[in-house]
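Student: Fold the following and give me the result.
(2 chains)
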Amino acid sequence: MDLPFSTPAGPDARSAFEASVMRHLDAAYGLARWLARNEQDAEDVVQEAVLRAYRFFGGFRGGDARVWLLAIVRNTFYTLRAAAPAPSAHDAFDETLHGGEDGAPDPETLLARAADAERLRAALARLPAEYREVLVLREFEECSYKEIAAITQLKIGTVMSRLARARERLARCLLEPAAEASP
Amino acid sequence: MNCEEARVLLHAYLDDELDAAASLAMAQHLAGCAGCTQRYRGHARLQQALRDPALRVSAPAALRARLAARLPAPQPAARAARRWPALAAALAAALALTVTLATWQTLRPRAPAGDALVAEAVSGHVRALLAEHLLDVPSSDQHTVKPWFDGRLDYAPQVKDLVAEGFPLAGGRLDVLDGRRVAALVYRRHRHVINLYQWPAADGETGTRERDGYRVVQWNEDGMHYLAVSDAAAADLDAFVRAFRGASAAGAEPAR
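Tutor: A predicted model of the protein is given here:
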């Protein structure tokens, strides 16, 4: 049985929090920024998440502080988003692997398009949140599937298939002629 | 392995997440399948492109500084006393109380909705004091505080000037209650802080409760639900509620 929760209050707790959690602030902000898609909301999310993390730090049982913090950031984002006006229509996405495209993406075209960081950024921003988050965790934070599973509370198999869909969707977005061609 | 399987597994292969046997099967499939090889190359290049440092963001220095200032410092009471004398006592009390509250929240079975909301509001009040995240917009001017919420909320909160009644406005902030973003106005009464939460709701629970030494008053008015929390004397908080309900709002009359 767990001991009763204790809240950090002394200088030791604050230093411990800074040493183990605050050093992952860039990762926290990176995830929040890509989820929220704008700076102001990302800052709100990170601020709320860090205050929550501090509040629950007494209950943190060790392990990977980065994974722990990223999970809190993610939960905070969805909590705040649930409080905000309804998400835009393109956030809803059918789980079928594929729409129309049959052939494999042409590597050369893909490379040329992806080399344009702005274009890549825009394509990534247009993905639904559940695809964005696994891609950001995998490619930017270089999380393992196991870590992504812990952060998103998905099964490892689901992480794999979602990443596959996310990348196919991203590739398709990049290959679309016009950026506004989103349904 | 067929192409349909390979289509999903090639991502795990790319991420080096397959076990040895699956890895080998994948490599063998790729060796004999031009279509999958092309797909694999495309995704490998996409992954490479995503590693571009231009796509990374770091936490803004201002956010970092703000958080550092808001986390309780090693000597919270002394530090707060220097910066914000009126809050020092409340802060010390809040520190002691958080332990109680947190323990209570961990051990107690889930309370009914009304209780949970009150507990959350009290906890938000305490957290705001504890973390020095009391104000996002420090201003005693209702015509500054009200517009600050524009674009941050999907409703316009009522902000009233109660200085004549002895409750100066200290400012406002965004908070989260019951999973929704809400406006919190901060008023003062002598050494005490009053947090007034409000959000659109026609039929919220009303009445007065005590929780952990905090008094909570709730009421509904003009389609808005109000929840006031404070450790001020009961009579003071009740007077605040009467004053707020009786006063005219910012925007209800010309500014000057």
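Student: Shouldn't residue B:175 be within a strand?
Tutor: Yes: according to DSSP: H, G, I helix; E, B strand; the rest coil, residue B:175 belongs to a strand.
Student: can you give me phi and psi for the residue nearest to residue B:155 when sequence neighbours are not counted?
Tutor: Among residues not flanking residue B:155 along the chain, residue B:200 sits closest, at 5.0 Å (Cβ to Cβ, 6 or more residues apart in numbering or on different chains). Where C-beta positions appear, they are placed from N, C-alpha and C, glycine not excepted. Reported as degrees, to the nearest 10, the phi and psi values for residue B:200 are phi -70, psi 120.
Student: Run a quick neighbour tally on residue B:200.
Tutor: 16 (other Cβ atoms under 10 Å in any protein chain shown).
Student: Would you point out which residue is most central in chain A?
Tutor: Against the mean C-alpha coordinate of chain A, by Cα atoms, centre = their mean, the closest residue is residue A:133 at 2.9 Å.
Student: Give me the buried positions along the one helix or strand that residue maps to.
Tutor: Element membership of residue A:133 [criterion: DSSP states H and E] is helix A:129-135. For helix A:129-135, burial by neighbour count (16 or more other Cβ atoms under 10 Å in any protein chain shown) applies to A:129, A:131-135.
Student: Can you tell me which of these is nearest residue A:147?
Tutor: Closest approach to residue A:147 among the buried residues of helix A:129-135 (Cβ to Cβ): residue A:134, at 11.1 Å.
Student: I'd say the closest one and residue A:166 touch.
Tutor: Yes: Residue A:134 is within contact range of residue A:166, at 5.5 Å (criterion: Cβ atoms under 8 Å).
Student: joint contacts of the two?
Tutor: By Cβ atoms under 8 Å, 6 or more residues apart in numbering or on different chains, residue A:134 and residue A:166 have no common neighbours.
Student: right, and the helix or strand after the helix or strand hosting residue B:217?
Tutor: Assigned by DSSP H and E, residue B:217 belongs to strand B:214-221. As assigned by DSSP H and E, the chain's next helix or strand after strand B:214-221 is strand B:224-230.
Student: So in that sheet, which strands flank that next one, and in what orientation?
Tutor: strand B:192-200 (antiparallel), strand B:214-221 (antiparallel) (DSSP bridges).
Student: Same list, those strands, but as JSON lines with mean pLDDT and distance to residue B:126 please.
Tutor: Compiled in JSON lines, these are given as follows (pLDDT from 0 to 100; distance: least, Cβ to Cβ, whole Å):
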{"stretch": "strand B:192-200", "mean pLDDT": "91", "distance to residue B:126": "10"}
{"stretch": "strand B:214-221", "mean pLDDT": "90", "distance to residue B:126": "8"}
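Student: most neighbours per residue, which of those?
Tutor: Of the strands paired with strand B:224-230, the one with the most neighbours on average (mean count of other Cβ atoms under 10 Å in any protein chain shown) is strand B:192-200, at a mean of 22.
Student: surely residue B:161 meets residue B:169?
Tutor: Yes: under the criterion of Cβ under 8 Å, residue B:161 lies in contact with residue B:169, with a separation of 6.5 Å.
Student: Show me the common contact partners of the two, please.
Tutor: Residues touching both residue B:161 and residue B:169 (Cβ under 8 Å, 6+ apart) are residue B:142.
Student: More neighbours: which of those two?
Tutor: Using other Cβ under 10 Å, the more surrounded residue of residue B:161 and residue B:169 is residue B:169, with 23 against 18.
Student: That one pairs with what?
Tutor: Residue B:169 forms beta bridges with residue B:187, as assigned by DSSP bridges.
Student: Give me the distance between the strand holding residue B:217 and the centre of its chain.
Tutor: On the basis of Cα atoms, centre = their mean, to the nearest Å, strand B:214-221 sits 20 Å off its chain's mean C-alpha point.
Student: got a list of contacts for the worst-scoring helix or strand of chain A on mean pLDDT?
Tutor: Across the helices and strands of chain A, mean confidence by mean pLDDT, DSSP states H and E is lowest for helix A:107-114: a mean of 70. Around helix A:107-114, the neighbours that count as contacts under Cβ under 8 Å, 6+ apart are A:119-120, A:171, A:174-175, B:38, B:41-42, B:45-46, B:49-50.
Student: Filter those down to the ones in helices?
Tutor: Among those, DSSP state H puts A:119-120, A:171, A:174-175, B:38, B:41-42, B:45-46, B:49-50 in helices.
Student: Lowest-confidence entry in those residues?
Tutor: For these, the weakest pLDDT value sits at residue A:175, with 82.
Student: what residues are up against that residue?
Tutor: Counted by Cβ under 8 Å, 6+ apart, residue A:175 has contacts A:105-106, A:109-110, A:113.
Student: got JSON lines for the residues you listed, with neighbour count too?
Tutor: Formatted as JSON lines, those follow (neighbours: other Cβ atoms under 10 Å in any protein chain shown):
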{"residue": "A:105", "neighbour count": "24"}
{"residue": "A:106", "neighbour count": "16"}
{"residue": "A:109", "neighbour count": "13"}
{"residue": "A:110", "neighbour count": "22"}
{"residue": "A:113", "neighbour count": "20"}
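Student: and which of these is nearest residue B:5?
Tutor: residue A:105 (18.7 Å).
Student: Could you give the bridge partners of residue B:192?
Tutor: Under the criterion used (DSSP bridges), residue B:192 bridges to residue B:189.
Student: how much space between it and residue B:157?
Tutor: Counting by Cβ to Cβ, to the nearest Å, the separation of residue B:192 from residue B:157 is 21 Å.
Student: Chain B: helices as residue ranges?
Tutor: Assigned by DSSP H, chain B shows helices spanning B:3-14, B:20-32, B:34-50, B:61-70, B:76-83, B:88-107, B:113-130, B:142-148, B:234-246.
Student: what's the closest of those helices to chain A?
Tutor: The closest of the helices of chain B to chain A is helix B:34-50. By Cβ to the nearest Cβ, the value is 3.4 Å.
Student: which secondary structure elements does that closest one contact?
Tutor: If you count contacts as 3 or more Cβ pairs under 8 Å, 6 or more residues apart in numbering or on different chains; DSSP states H and E, helix B:34-50 packs onto helix A:107-114, helix A:117-126, helix A:156-175, helix B:3-14, helix B:20-32.
Student: Might one say that residue A:43 is in contact with residue B:61?
Tutor: No: here residue A:43 does not reach residue B:61: they are 11.7 Å apart, not a contact under Cβ under 8 Å.
Student: Tell me which of those two has more neighbours.
Tutor: When neighbours are counted by other Cβ under 10 Å, residue A:43 and residue B:61 differ, and residue A:43 comes out ahead with 20 against 8.
Student: wait, is that one part of a helix?
Tutor: Yes: the assignment for residue A:43 is a helix, going by three-state DSSP.
Student: which residues does the closest residue to it other than its chain neighbours contact?
Tutor: Excluding the flanking residues, the one nearest residue A:43 by Cβ to Cβ, 6+ apart is residue B:63, at 5.2 Å. Residues near residue B:63 by Cβ under 8 Å, 6+ apart: A:25, A:29, A:43, A:46-47.
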